[in-house]
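Please work out how this folds:
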Amino acid sequence: MIMHTAIPRILVAGTHSGCGKTTIATGLMAALVARGIRVQPFKTGPDFIDPSHHTLICGRPSRNLDICMMGGAGIKRTFTDASAGADIAVIEGAMGLFDGREGSDTASAAHVARVLNAPVLLVVDVHAVSRSIHATIKGFRDFDPRVKIAGVIYNRGGSERHRQMIAEEEFVPALGWVPRQPDAEVKSRHLGLLMASESPALKKYGSVIAETCNLDRILAIARAAPPLPVSETATSKARPKKDRPIIAVARDAAFCFYYQDNLDRLARAGAEIREFSPVAGEIPEADAIYLGGGYPELHAAALERSRSTKAIRSRAENGMPVYGECGGLMYLCGSLESDGKKYKMTGILPGRAVMTKRLAALGYVNGTFSGAGSLWPGTVAVRGHEFHYSKVECDRDARFAIRLRQGSGIGSGNDGLTEHAAIGAYTHAYFSDAFCKKFVAAAAAYRKNAGRK
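Next up, the predicted model:
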């Protein structure tokens, strides 16, 4: 059954990475929120960092929209479900508007705009350019007629004279002229910008956008977006709360990379989600543990002395399901080496994590999860993304739970290093319903065997 949902929406895209797209998109969100408008944020692609800023600003979890991991129907479903109760959806594109997977259109911001029939607000950097910028804009407008560029925001503008020179030949509506704002920049490190909890600079950008952009016209464009056809799907009936196995999710400065859809799907599959901080030494009441990616290398000393580290090892040795991704994988290893120093980690998995000076892997991942031990039976497909500056050196008798068709993983086509009922992978997986059912079933089995009620 097809239903049509009217959701005001706009996609903020850039001509290239570094043109100021993130500051404009987050500033727009902040300016709209300041008006009392309920904004649902989104980010195209497999990004974790920009969504953290969106969430802080909007007070609603930002969602990823990635066609490679979710498919077109999955994007529509996530977009529709998450936008319920919002007044407008603001989508931040990744890289340049037409930059997709392996140099193609697939999974580009333009691809997402077409799937969602979303008007595009194009951010262009006008530093050191005047009339020539219109050649760039014309190229973007005409490159794919299926994508509607509804307006332009000129970023890093100079004097009023500079603005007048550009305005002489405008042919796409100008919705903003944003002057250079060096004090509003967010610092970066090896995996991208600082997380929102570390730098609130982007939240402060709302006042700049409110002063320099035509919010009323932007809202009018978003509200003019046509109703979106979405296939209605049945929802599974959740377990009674008292019967739900508890999955403890690590959430702190060391473990902060999560797709919100993954947590929601685990909950829909019957889990109760509880957050805890390994850095702070918290030991959760739980039937399974999920360790996301992040920056364990920056908090290795604290993790080495944390009582959580020994507790998680003890539980894993007792058969508790533990799933770690990237940073979580590193934490599950015997040690983590960073800047010439070696730190003891949980020691659950037979491997050693070592930080590298260069990018070790970047790209989409496809493979098959084949289970590990009696608590993870069966086989399911795995889709996700990897991005890391580290490697894992495994023991010779290491076993793996994921076989890759695409991607680097831990090495030799393998990912998902496993021991007991613990699994650690470099893949940041976008969980399928089938995977969530297995994860929750494993937690429920552990709960039953442990005699927990």
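
And the helices in this structure?
Secondary structure of the chain (DSSP state H): helices located at 21-34, 49-58, 67-83, 109-116, 133-143, 160-167, 206-212, 215-223, 260-268, 300-305, 307-317, 327-332, 433-449.

Specify the angle between the third one and helix 260-268 in degrees.
Relative orientation of helix 67-83 and helix 260-268, computed by axes from the mean of the first three to the mean of the last three CA atoms, to 10 degrees: 70 degrees.

again with the last one
Between helix 433-449 and helix 260-268, the angle comes out at 50 degrees (the same axes, to 10 degrees).

Export only the CA atoms of helix 433-449, formatted as PDB.
Extracted in PDB, the C-alpha atoms of helix 433-449 (Å, rounded to 0.1, in the frame of the first residue of the first chain):
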ATOM      1  CA  ASP A 433      16.100  -6.400  10.800                       C
ATOM      2  CA  ALA A 434      17.500  -9.900  10.600                       C
ATOM      3  CA  PHE A 435      20.700  -9.000  12.300                       C
ATOM      4  CA  CYS A 436      18.800  -7.200  15.100                       C
ATOM      5  CA  LYS A 437      16.700 -10.200  15.700                       C
ATOM      6  CA  LYS A 438      19.800 -12.400  16.100                       C
ATOM      7  CA  PHE A 439      21.500  -9.800  18.400                       C
ATOM      8  CA  VAL A 440      18.400  -9.500  20.600                       C
ATOM      9  CA  ALA A 441      17.800 -13.300  20.500                       C
ATOM     10  CA  ALA A 442      21.400 -13.800  21.700                       C
ATOM     11  CA  ALA A 443      20.900 -11.300  24.500                       C
ATOM     12  CA  ALA A 444      17.600 -13.100  25.500                       C
ATOM     13  CA  ALA A 445      19.300 -16.500  25.500                       C
ATOM     14  CA  TYR A 446      22.100 -15.100  27.800                       C
ATOM     15  CA  ARG A 447      19.500 -13.600  30.100                       C
ATOM     16  CA  LYS A 448      17.700 -16.900  30.300                       C
ATOM     17  CA  ASN A 449      20.800 -18.900  30.900                       C
END
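
How far away from the center of its chain is it?
Helix 433-449 sits 24 Å away from the centroid of its parent chain (CA atoms, centre = their mean, to the nearest Å).

who touches that helix?
For helix 433-449, the external contacting residues (CB atoms under 8 Å, 6 or more residues apart in numbering) are 245-247, 262, 265-266, 268-271, 287-288, 290, 319-321, 323, 369, 371, 375-378, 380-382, 421, 429, 431. From N, CA and C alone the C-beta is placed, and that goes for glycine too.

do that again at 7 Å, thanks
Residues outside helix 433-449 that contact it (CB atoms under 7 Å, 6 or more residues apart in numbering): 245, 247, 265-266, 269-271, 287-288, 319-321, 323, 369, 375-376, 378, 380, 421.

Could you tell me which of these count as buried?
245, 247, 265-266, 269-271, 287-288, 319-321, 323, 369, 375-376, 380, 421 (16 or more other CB atoms under 10 Å).

Show only the entries of the residues you listed found in strands.
Among these, the members found in strands (DSSP state E) are 247, 288, 323, 369, 380.

What's the separation between the second one and residue 447?
Distance of residue 288 to residue 447, given as CB to CB, to the nearest Å: 9 Å.
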